[in-house]
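# Return atomic coordinates for the entry below.
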Amino acid sequence: MAKVGKWITGGLGWAFFGPIGGILGFVVGSMIDNTQVITGRQEYQAGLPTTQGGYVMSLLVLVAAVMKADGKILKSELDYTKEFFVRTFGPAAATEAIKILRDLLNQNIPVTEVCQQIRKNMDHPSRLQLLHFLFGIAAADGQVHESEHKLIAHIAQQMGISEKDYQSIEAMFVANTDAAYKILEAEPTATDDELKKAYRKMAVKYHPDKVHYLGEDVQNAANGKFQKVNEAWEIIKKQRGIV
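Residues are numbered from 1 along each chain as shown. Just a heads-up that it's a prediction; the model follows:
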């Protein structure tokens, strides 16, 4: 439990308070002997940074909400989540994260309140990375079910993610003839020069360095989103013959 202990003892930051803190209080407290972590729904205190611990716990809360959206918890979703945590944080941390997730799946999650807390306290690149991972969970069984799709759209809206940003990440997981253009937040009618500018803009927006402060683990995980931008650009270049 070394990694999870580090997330917690290193501080949950603003996630210690509000609805996320209320949800996590019992779950985290029950995992650590003789440790009182959170009780109730304390109010957020200004100036607290987003720590890796707060980010990961916020992610797990939203993952639980998405997994419950279609009324059934699929093994493929749990496996995808565990594989992600193994790749990102290592096997031991993945095992503990899944334990926390299983407890969260038994709780009622006030999604709108949680998302509004995240919107208020987490920067834009980190919120985009949350959205990317949620789509990955929903698509773990090969398709994004309607109930999951609607919930993720609601989460994106409540987290303050623009429609263009939402469609960009959605297109990485949901088949669409214009997916490559949507990933670059561009129209199929755009000129080659406009597409080059769009690619450069998105490469900056989704660059893994944007979430470097959350640690090397999360930064490495963000490479998947960045790679999708490059793949979309390669598809468009081949279609148009852009050199």
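# The chain: helices as residue ranges?
2-9, 18-29, 52-68, 75-89, 91-104, 111-121, 124-138, 146-158, 163-170, 179-183, 192-205, 216-221, 223-240 (DSSP state H).
# can I get those helices in CSV with mean neighbour count and mean pLDDT?
In short, each C-beta sits where N, CA and C put it, glycine included. Formatted as CSV, these follow (neighbours: other Cβ atoms under 10 Å; pLDDT from 0 to 100):
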stretch, mean neighbour count, mean pLDDT
helix 2-9, 18, 59
helix 18-29, 21, 77
helix 52-68, 24, 90
helix 75-89, 17, 84
helix 91-104, 18, 86
helix 111-121, 19, 95
helix 124-138, 22, 92
helix 146-158, 18, 94
helix 163-170, 20, 95
helix 179-183, 23, 94
helix 192-205, 16, 95
helix 216-221, 17, 86
helix 223-240, 17, 92
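# Let me see the domain layout of this protein.
Under automatic domain parsing, the residue ranges defining each domain of the chain are 2-161, 176-243.
# how about those in TSV, adding distance to I169?
Below are the domains of the chain laid out as TSV (distance: least, Cβ to Cβ, whole Å):
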stretch	distance to I169
domain 2-161	5
domain 176-243	7
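# Which among these is found nearest to Q167?
Among the domains of the chain, the nearest to Q167 by Cβ to Cβ is domain 176-243 (4.8 Å).
# Straight-line length of stretch 204-215, end to end?
End-to-end distance for stretch 204-215, by Cα to Cα, to the nearest Å: 19 Å.
# Not counting its neighbours along the chain, what's nearest V229?
M202 (4.8 Å; Cβ to Cβ, 6 or more residues apart in numbering).
# tell me the contacts of the one you found?
The neighbours of M202, taking Cβ atoms under 8 Å, 6 or more residues apart in numbering as the test, are S168, I183, L184, E185, V229.
# Contact partners for D141?
L74, S76, E77.
# cutoff 6 Å now
The contact partners of D141, by Cβ atoms under 6 Å, 6 or more residues apart in numbering, come to L74, S76.
# how close does it sit to K120?
As judged by Cβ to Cβ, to the nearest Å, D141 and K120 stand 33 Å apart.
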